[in-house]
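[1] how would this look folded up:
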Amino acid sequence: MSEPAKNEATITAWHAHVYYDAQDPESRARAARLRERVEARFPARMGRWHDVPVGPHPSAMYQIAFSSELFPGLAPFLMLNRDGLTVLLHPETGRPRDDHTLHAAWLGAVLPLETGTLPETEG
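    Model (predicted):
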């Protein structure tokens, strides 16, 4: 017997992690340009720049936190405007490990996450 379907109502918000190469000025410039465009268009919460890997993330990145109401506009915007950057898009369901892995969508290359740093549940 298969597992019952998960309820999308468990999604409380979304995160997008924009990855760039901190050693490559052009890569960082593309990340900055995308960030400026998102800030100008969407009321999302922009995270700090991390020029070194942090948490489960294998390279430099910043996070965009946003509500489910913004998803229909912001997700396609990132798809069309990522300018070759890799973006991890995932829901917030209270299960960080699953959200970053099983429930994640990648725009661009799939990067290896250090999932051991992610808890099963928030708490």
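
[2] use CA for all of it now, contacts and neighbours both
    Fine.

[3] Glu120 contacts Thr101, doesn't it?
    No. Glu120 is beyond contact range of Thr101, at 11.2 Å (criterion: CA atoms under 8 Å).

[4] the strands in this structure, which residues?
    In the chain, the strands defined using DSSP state E lie at 13-19, 45-46, 61-66, 86-92, 105-107.

[5] now the helices for this structure?
    25-41, 71-81, 96-100 (DSSP state H).

[6] And the strands of the chain: which comes nearest Val52?
    strand 61-66 (7.8 Å; CA to CA).

[7] Now that closest one: average pLDDT?
    Mean pLDDT, taken over the full extent of strand 61-66, equals 98.

[8] which other residues reach that strand?
    13-20, 43-53 (CA atoms under 8 Å, 6 or more residues apart in numbering).

[9] for stretch 9-25, same thing?
    27-28, 31, 51-52, 59-68, 71, 85-93.

[10] measure the nearest residue to Tyr62 once chain neighbours are set aside to Arg33 for me?
    Spatially, and ignoring its direct neighbours in sequence, Tyr62 is nearest to Trp49 (4.9 Å; CA to CA, 6 or more residues apart in numbering). Trp49 sits 13 Å away from Arg33, going by CA to CA, to the nearest Å.

[11] repeat for Arg95
    From Arg95 to Arg33 the distance is 31 Å (CA to CA).

[12] Do you know the pLDDT at Asp99?
    96.

[13] Quick check: it vs Trp49, distance?
    For Asp99, the distance to Trp49 - CA to CA - is 21 Å.

[14] again with Val87
    14 Å.

[15] Over to Pro4?
    39 Å.

[16] between these two, which one's more packed in?
    Trp49 (14 against 6; other CA atoms under 10 Å).
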